[in-house]
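K.L.:
how would this look folded up:
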Amino acid sequence: MFDIGFTELLLVGLVALVVLGPERLPGAVRTAGLWIGRIKRSFNSIKAEVEREIGADEIRRQLHNERILELEREMKAMKQDILDTTSLKPGSEPGKPAETPQPAAQDKNPQP
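P.N.:
Have a look, this model is predicted:
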């Protein structure tokens, strides 16, 4: 993450030893470790919460899409029921029953 090598860590340790002294250095390192642990846990909890929210948003979006599809299916079924009930075919005039094909008239005088 920060790309800190061994030499940089050694330099920071030597500066801390000179500034804090050998008596307070172990306590300071322990305190720094606790703070770093708390910060990592905080970042991890925030990350997990964001991932849960993103997952919840996707689930909500999928449910919404499924509801829309179900409504479209219901509307198509209702339209078909209405057309079947009123015997209307698409393109025919309302109020008039749909024309049904008439059987072809047979000749009364068949040709031999």
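K.L.:
kindly report the domain assignment for this structure.
P.N.:
15-54, 55-86 (the TED database).
K.L.:
would a markdown table of those with mean pLDDT and mean neighbour count be doable?
P.N.:
From N, CA and C alone the C-beta is placed, and that goes for glycine too. Output for the domains of the chain, formatted as a markdown table (pLDDT from 0 to 100; neighbours: other C-beta atoms under 10 Å):
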| stretch | mean pLDDT | mean neighbour count |
| --- | --- | --- |
| domain 15-54 | 92 | 11 |
| domain 55-86 | 89 | 10 |
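K.L.:
as JSON lines, those domains with distance to Phe6 would be great.
P.N.:
Shown next, in JSON lines, are those (distance: least, C-beta to C-beta, whole Å):
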{"stretch": "domain 15-54", "distance to Phe6": "15"}
{"stretch": "domain 55-86", "distance to Phe6": "40"}
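K.L.:
so which of those comes closest to Ile4?
P.N.:
Within the domains of the chain, the stretch nearest Ile4 is domain 15-54; the backing value is 12.8 Å (C-beta to C-beta).
K.L.:
check the gap between Asn65 and Thr85 for me.
P.N.:
30 Å (C-beta to C-beta, to the nearest Å).
K.L.:
distance of the residue nearest the centre of the chain from Arg52?
P.N.:
Centroid-nearest residue in the chain, with C-alpha atoms, centre = their mean: Glu58, separated by 2.0 Å. Distance of Glu58 to Arg52, given as C-beta to C-beta: 11 Å.
K.L.:
can you give me the strands in the protein?
P.N.:
For the chain, strands defined by DSSP state E do not occur.
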